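Visitor: Structure for the following, please:
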Amino acid sequence: MLRIASVVDIWFAALAGVVVWTLITRARPLAGLAAYASAPDEDDRTEVSQYARPSPIGMPMATIAVALLLLTQLVLLMLLTVRMDYAEWATLALALGWARFAPLVWVNTATRLRAGDAARLWPADRAMTARWAVVLFAASLAVDWSLLAAPITVMGWQAWLRRSRTGISVTGVLAGIAVVEGVALAAVIMRGMLSPLGME
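Guide: Coordinates of the predicted model:
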């Protein structure tokens with residue numbers, strides 16, 4: 001999609017990429033981020049009934065968070081459209097890989113799993129989780145060191161979930177995927193901005 005749409009304009013290509021990205025994921029991470037930030041007491045009532053709590057951030061901040069994530073995706077895809085080289089595509093694949101790998105870490109290290117929560121969607125398998133962690137870490141070091149922001153964010157969100165009274169809920173995991181994805185993409189952008197070649 002990026003290659004086809006880049007014939008028109010690089011920003012049009014980036015926008016097309018964000019649209020396809022959102023459609024493929026069915027906007028679940030974005031919806032999870034908005035729901036977790038704005039109204040977990042209503043959206044997660046089936047998962048956390050007795051642990052219902054008021055919104056920790058509020059709808060305005062949830063809207064801002066989702067908008068910033070979409071803008072981050074847009075900028076990175078624009079940069080990828082300009083460069084169109086192997087390393088940048090591998091960087092994008094690894095950023096997405098870390099975000100989709102994160103639920104395995106959170107579920108396998110959870111101490112307060114409950115029936116009906118994220119464990120049903122992301123079954124615990126510590127051996128597979130360890131293998132994927134090694135592969136992603138080694139690939140990140142080889143392709144782009146800025147991607148190491150992803151595992152740091154994974155551990156940070158894990159600490160946040162452990163402090164949360166809801167435990168490892170589906171909404172919390174989906175929100176975490178969006179957070180890891182956004183931080184990883186932002187780190188890649190910052191690395192490009194600070195590199196000697198800049199963003200040409």
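Visitor: Based on its surroundings, how many neighbours for residue 125?
Guide: By other CB atoms under 10 Å, 13 other residues sit near residue 125. Heads up, the C-betas are built off the backbone N, CA and C, glycines and all.
Visitor: and what of residue 180?
Guide: If you count neighbours by other CB under 10 Å, residue 180 ends up with 28.
Visitor: Against residue 157, how distant is the residue nearest the centre of the chain?
Guide: The centre of the chain sits closest to residue 181, judged by CA atoms, centre = their mean, with a distance of 2.6 Å. From residue 181 over to residue 157 the distance is 11 Å, taken as CB to CB, to the nearest Å.
Visitor: surely residue 168 meets residue 160?
Guide: No - if you go by CB atoms under 8 Å, residue 168 and residue 160 don't touch, sitting 10.9 Å apart.
Visitor: These two - which one has more neighbours?
Guide: Neighbours were counted for residue 168 and for residue 160 using other CB under 10 Å; residue 168 has more, 25 against 13.
Visitor: and the more buried one, helix, strand or coil?
Guide: coil (DSSP: H, G, I helix; E, B strand; the rest coil).
Visitor: thinking again about what came up before, tell me which element the residue nearest to the centre of the chain is part of?
Guide: Element membership for residue 181 (DSSP states H and E) is helix 170-194.
Visitor: Residue 17 now?
Guide: Judged by DSSP H and E, residue 17 forms part of helix 10-25.
Visitor: angle of that helix against helix 170-194?
Guide: If you take axes from the mean of the first three to the mean of the last three CA atoms, to 10 degrees, helix 10-25 sits at 160 degrees to helix 170-194.
Visitor: Next, the buried residues of helix 10-25.
Guide: 10, 13-18, 21, 25 (16 or more other CB atoms under 10 Å).
Visitor: how about the nearest residue to residue 99 once chain neighbours are set aside, what does it touch?
Guide: Leaving aside its chain neighbours, residue 99 sits nearest to residue 181 (3.9 Å; criterion: CB to CB, 6 or more residues apart in numbering). Residues in contact with residue 181 (CB atoms under 8 Å, 6 or more residues apart in numbering) are 29, 69, 95-96, 98-99.
Visitor: Okay then, goodbye and thanks.
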